[in-house]
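[1] Sharing a model prediction with you, sequence too.
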Amino acid sequence: MSEILKLENINYSYIDGGYQRVILKDLSYTFEEGKFYTILGPSGSGKTTLLSIIAGLDSANSGNIYFKGESLDKIGLYKYRRNDISIVFQQYNLINYLTAVENVLLAMSETDNELPKDQKAVAYNLLERFGIVKTKADRMINQLSGGEQQRVAIARSLASNVNLIFADEPTGNLDTATEKEIIAIFKELAHEYGKTIIVVTHSDAVSEMSDQRLILKDGALFEDKQ
């Protein structure tokens, strides 16, 4: 498998009550295409901070990030966020006054990537692929269950044809059965569609199903060999 995202000596700290709190310290790791990764660690270890940095939502104090061998500084964070990544949040972050299909179509309008001409048909097909049939796709978001909303969020993350999908506790609000279904979707996206999936989670059930478990400890990432 080829390299898609490389983190090189990432450092992040902040001043808290006059003391410097170190969150990430000389963190380096290389993610490969077509793999499903999970990042675990205790609360406060910096998992969400790390995800924010590699998603271009926050900046490290020092270090470099490379996407497909090119520095994010050269690519530009706006372009990187617009064309190369998608994020699935625990709270879904869908727009309540739009229908499910309109949420997916909106994601298509916010990228420079080449997309099919018949975007509405593609949006319906994406949603149906994840169990949201047309009658539900035409419903307002708040008329769908939590599991259905998360499926819409995943469909939206794919709509802009990106390579990297990040997820922050994507199953935290879901029951066990729905959690397993969402995990299966992530595995399929990685193994059948070649997407790189990076999930921050507290769930052992989620991490045990991933290709590579990573532990964030003392500011660095370690591969879990178990």
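    Ah, there it is.
[2] Can you name the residues bridging to F166?
    F166 forms beta bridges with I87, I198, as assigned by DSSP bridges.
[3] does it really touch G56, like I thought?
    No: in this structure, F166 is not within contact of G56 by Cβ atoms under 8 Å, at 9.9 Å. To be clear about C-beta, it is placed using only N, CA and C from the backbone, and glycine gets the same treatment.
[4] For the two, list the residues in contact with both.
    Common contact partners of F166 and G56 (Cβ atoms under 8 Å, 6 or more residues apart in numbering): I85.
[5] Comparing these two, which residue is more hemmed in?
    Between F166 and G56, counted using other Cβ atoms under 10 Å, F166 has the larger neighbour count: 25 against 22.
[6] Enumerate every residue touching the more buried one.
    F166 makes contact with 51, 54-55, 85-88, 198-200, according to Cβ under 8 Å, 6+ apart.
[7] Now do stretch 10-18: distance to the chain's middle.
    Mean-position distance between stretch 10-18 and its chain equals 25 Å (Cα atoms, centre = their mean, to the nearest Å).
[8] Please renumber the chain so that the first residue is 28 from this point on.
    Shifting the count to begin at 28 puts that one at stretch 37-45.
[9] tell me the mean pLDDT for that stretch?
    Stretch 37-45 comes out with an average pLDDT of 91.
[10] list the buried ones in that stretch?
    37, 39-40 (16 or more other Cβ atoms under 10 Å).
[11] Which one of the residues you listed is nearest to N120?
    Using Cβ to Cβ, Y39 is the member of the buried residues of stretch 37-45 that lies nearest N120, at 23.3 Å.
[12] So that closest one is in contact with S79, correct?
    No: here Y39 lies out of contact with S79, judged by Cβ under 8 Å, at a distance of 9.5 Å.
[13] What strands line up against the helix or strand containing L241, and which way round?
    Applying DSSP states H and E as the criterion places L241 in strand 239-244. Using DSSP bridges, the strands paired with strand 239-244 are strand 63-67 (parallel), strand 247-250 (antiparallel).
[14] Comparing these, which comes out most buried?
    strand 63-67 (a mean of 24; mean count of other Cβ atoms under 10 Å).
[15] Quick check: what element follows that strand along the chain?
    helix 74-81.
[16] what comes up buried for that next one?
    Residues 74-81 are the ones in helix 74-81 that count as buried (16+ other Cβ under 10 Å).
[17] now, which of these sits nearest I159?
    L78 (25.6 Å).
[18] residues contacting the closest one?
    Counting by Cβ under 8 Å, 6+ apart, L78 has contacts 66, 193, 195, 225, 227.
[19] Least confident of those?
    Within the contacts of L78, lowest confidence goes to D195 (90).
[20] Touching, that one and I114? I think so.
    Yes: at 7.2 Å, D195 counts as touching I114 under the criterion of Cβ under 8 Å.
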